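Q: Here is a sequence with its predicted model. Questions after.
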Amino acid sequence: MEGFASENVSSGSNITNGTSVPGPHQLFVVPTSLKIGVTFFAVVIFVVALIGNTIILYIVCSCRHMRNTTNILIANMAVADLWITIDIPYVIKWLFVGRSWFGGVFGKILCQFCHSAQAGSIACSIFTLVCISLDRSLAILFPMKNILTIRIVKIMITVVWLLTLAFLIPLFIVTDVIESPIGYVGCNEVWENMEPVSYRNYIFAFSLCTYAFPLTLITAMYTLTGLRLWNRKVPGHRSLRVHKRIQSSTKRATAMLITVVVVFAICWFPFQIRELIESFGSGVQIQLPLTLFILLPWFGFANAAINPILYFVFSENYRREFKRTFTRMSRRRRRSSSSQVSRGMTLRTRISLSTSVPLQKLRNDSYIPADSQPSHELFPKRTHPDISKSDSPKVCLMPTEENLESESVCGSMEGNTSENIEIDITMDNGHC
């Protein structure tokens with residue numbers, strides 16, 4: 001399932017002897033202004049989605065107290081969003097050069113990966129949202145039971161990826177790099193030899209299993225959860241203040257996850273409708289406005305950039321961990337720059353002391369021995385200065401290599417100690 005044109009409605013394909021062969025020309029020309037606007041929108045989505053989802057993964061993986069069942073599932077959804085994010089350059093390429101591609105084994109593998117990224121991200125995201133809704137429902141409906149453990153969640157994530165792979169197998173089979181008689185190489189989907197699994201049947205099954213049915217199930221679970229959450233009575237062993245705080249935190253988390261589901265449904269609804277129209281209507285895609293035909297899939301791509309923003313807006317834990325991560329990184333950067341400056345000062349001091357040794361030696365050689373002085377001692381005896389006296393100038397001895405190494409080790413230990421203290425505070429104060 002390609003984001004802009006499937007093979008049976010390909011924008012640039014010719015049918016020869018029952019085989020689809022990519023052609024060098026498209027059936028329509030995309031205006032330059034539309035290309036520029038879509039490219040700018042795509043760059044914004046790419047940057048926000050790449051940075052935001054990477055930060056989400058880093059927070060969940062690096063902060064131990066953030067590794068609960070819900071956050072692990074959110075991290076899995078971030079992986080799915082990154083999958084579709086790296087497919088954006090391929091879609092932009094389609095706007096400018098069409099389906100032109102390159103041959104070879106690597107070209108075929110990359111062609112299959114790019115064509116399956118959009119469908120794979122949709123399937124993985126919606127299945128993960130089902131798991132998240134199940135996790136929240138069980139946690140609220142049965143608060144005294146720990147039904148979904150981290151081990152069970154990891155098994156659920158494995159099942160999610162296996163189901164996603166099952167939906168992608170037909171795309172792997174039909175997607176291939178095809179060379180036309182005139183030497184044009186293109187990345188296309190060929191569905192003619194896949195009967196009875198036609199493109200129409202695949203799109204219908206995909207929309208039903210990865211959009212309509214999961215959203216219905218999620219809506220039912222969150223409805224039961226909302227009714228139980230808003231009508232929950234105060235337990236007898238808890239104070240009213242504690243209950244209100246827990247109730248407020250649970251409502252915020254549930255509201256965030258419901259918002260994520262609603263945004264997913266809204267963003268991917270236009271694309272699902274367009275795919276159904278293309279598969280069940282002959283030539284309908286030409287009747288659609290060109291701007292609408294090109295822009296509809298980008299609402300789905302935007303979902304990958306909106307999700308991390310929602311996490312940071314609704315969740316105080318993600319905001320706090322992001323600030324701590326940024327502060328820790330800036331502190332390490334300052335510590336690294338200060339250590340480089342101190343090393344430079346130490347090197348200059350060592351060179352200065354080494355160059356002053358001959359002068360001191362000359363001064364020591366100029367001392368007059370006591371037995372060579374006159375008997376009446378008109379002049380006082382010249383002796384070596386006593387550096388141990390407080391009124392004498394103090395000489396700072398240069399540390400040896402061992403001292404330098406031990407000093408640097410102590411410096412690093414001090415930094416690690418302060419960092420460990422910060423981590424301990426995070427562990428005590430952070431609650432998901």
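A: That came through, no problem. Residues are numbered from 1 along each chain as shown.
Q: give me the low-pLDDT residue ranges for the stretch 1-150 of the chain?
A: Applying pLDDT under 70 to the stretch 1-150 of the chain picks out residues 1-28.
Q: Helices of that one, start to end?
A: 32-62, 69-85, 88-97, 104-141, 150-174 (DSSP state H, counting those that start in this stretch).
Q: Turn those helices into TSV, including mean neighbour count and distance to Met256.
A: All C-beta spots, glycine's among them, are computed from the backbone N, C-alpha and C. Output for the helices of the stretch 1-150 of the chain, formatted as TSV (neighbours: other Cβ atoms under 10 Å; distance: least, Cβ to Cβ, whole Å):
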stretch	mean neighbour count	distance to Met256
helix 32-62	16	13
helix 69-85	23	10
helix 88-97	16	25
helix 104-141	20	10
helix 150-174	16	18
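Q: Quick one, which of the ones you listed gets closest to Pro289.
A: Of all the helices of the stretch 1-150 of the chain, it is helix 32-62 that lies closest to Pro289, at 11.0 Å by Cβ to Cβ.
Q: these two touch, right, Arg200 and Glu278?
A: No: contact criterion Cβ atoms under 8 Å: Arg200 and Glu278 do not qualify, at 9.3 Å.
Q: More neighbours: which of these two?
A: Set Arg200 next to Glu278 and count neighbours by other Cβ atoms under 10 Å: Glu278 wins out with 21 against 14.
Q: mind checking how far Ile36 is from Gln247?
A: Applying Cβ to Cβ, to the nearest Å, the value for Ile36 to Gln247 is 50 Å.
Q: picking up where we left off before, turn the helices of the stretch 1-150 of the chain into TSV, including distance to Ala265.
A: Output for the helices of the stretch 1-150 of the chain, formatted as TSV (distance: least, Cβ to Cβ, whole Å):
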stretch	distance to Ala265
helix 32-62	18
helix 69-85	14
helix 88-97	21
helix 104-141	9
helix 150-174	18
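Q: Any idea which of the ones you listed gets closest to Phe204?
A: Phe204 lies closest, by Cβ to Cβ, to one member of these: helix 150-174, at 12.7 Å.
Q: what's in contact with whatever helix or strand comes next after that closest one?
A: Sequence order places strand 175-179 as the next helix or strand after helix 150-174, per DSSP states H and E. Applying Cβ atoms under 8 Å, 6 or more residues apart in numbering, the external contacts of strand 175-179 come out as 20-22, 101-104, 107-108, 111-112, 115-116, 185-190.
Q: strands paired with strand 175-179, and their directions?
A: Paired with strand 175-179 in the same sheet, following DSSP bridges, are strand 185-189 (antiparallel).
Q: quick one: low-confidence ranges for the stretch 151-300 of the chain?
A: Residues of the stretch 151-300 of the chain that meet the criterion pLDDT under 70 lie in 195-197, 232-240, 242-243, 281-288.
Q: Now with 50, please.
A: Within the stretch 151-300 of the chain, the ranges that satisfy pLDDT under 50 run 285.
Q: Show the model's pLDDT score for Ser418.
A: As predicted, Ser418 sits at a pLDDT of 37.
Q: what's the answer for Ser352, then?
A: At Ser352, pLDDT is 54.
Q: Which one, of the helices of the stretch 1-150 of the chain, ends up nearest to Thr291?
A: helix 32-62 (6.2 Å).
Q: tilt between the closest one and helix 88-97?
A: Orientation of helix 32-62 against helix 88-97 (axes from the mean of the first three to the mean of the last three Cα atoms, to 10 degrees) gives an angle of 170 degrees.
Q: now helix 32-62 and helix 69-85, what's the angle there?
A: With the same axes, to 10 degrees as the basis, helix 32-62 and helix 69-85 are set at 150 degrees to each other.
Q: and Trp134, how far is that from Ile258?
A: Careful, residue 134 is Leu and not Trp. For Leu134, the distance to Ile258 - Cβ to Cβ - is 14 Å.
Q: Likewise for Val43?
A: Remark: distance between Val43 and Ile258 (Cβ to Cβ) = 30 Å.
Q: just Leu165 next, same as before
A: Leu165 is 28 Å from Ile258, by Cβ to Cβ.
Q: With Leu163 instead?
A: Note on Leu163: its distance to Ile258, by Cβ to Cβ, is 23 Å.
Q: before we move on, what about Val91?
A: Per Cβ to Cβ, Val91 is found 29 Å from Ile258.
Q: Repeat that for Lys323.
A: 26 Å.
Q: Give me the more crowded residue out of these two.
A: Ile258 (17 against 10).
Q: so what's that one closest to, chain neighbours aside?
A: Excluding the flanking residues, the one nearest Ile258 by Cβ to Cβ, 6 or more residues apart in numbering is Tyr222, at 5.6 Å.
Q: now the one you found, what's its secondary structure?
A: Under the three-state scheme (DSSP: H, G, I helix; E, B strand; the rest coil), Tyr222 adopts helix.
Q: List the contacts of it.
A: Shown in contact with Tyr222 (Cβ under 8 Å, 6+ apart): Ser133, Arg136, Ser137, Thr254, Leu257, Ile258, Val261.
Q: What of Leu138?
A: Going by Cβ under 8 Å, 6+ apart, Leu138 touches Lys145, Ile147, Leu148.
Q: Which of these lies at the shortest distance from Phe293?
A: Nearest to Phe293 among those: Leu148, at 42.2 Å, using Cβ to Cβ.
Q: For the closest one, give me its contacts.
A: Thr69, Leu134, Asp135, Leu138, Ala139, Met156.
Q: hang on, the second one packs against Met221?
A: Yes: Leu134 lies in contact with Met221 (Cβ under 8 Å); the separation is 6.5 Å.
Q: What is the neighbour count of Thr223?
A: Residues near Thr223, counting by other Cβ under 10 Å: 11.
Q: what do you get for Ile178?
A: Ile178 has 22 neighbours, counted by other Cβ under 10 Å.
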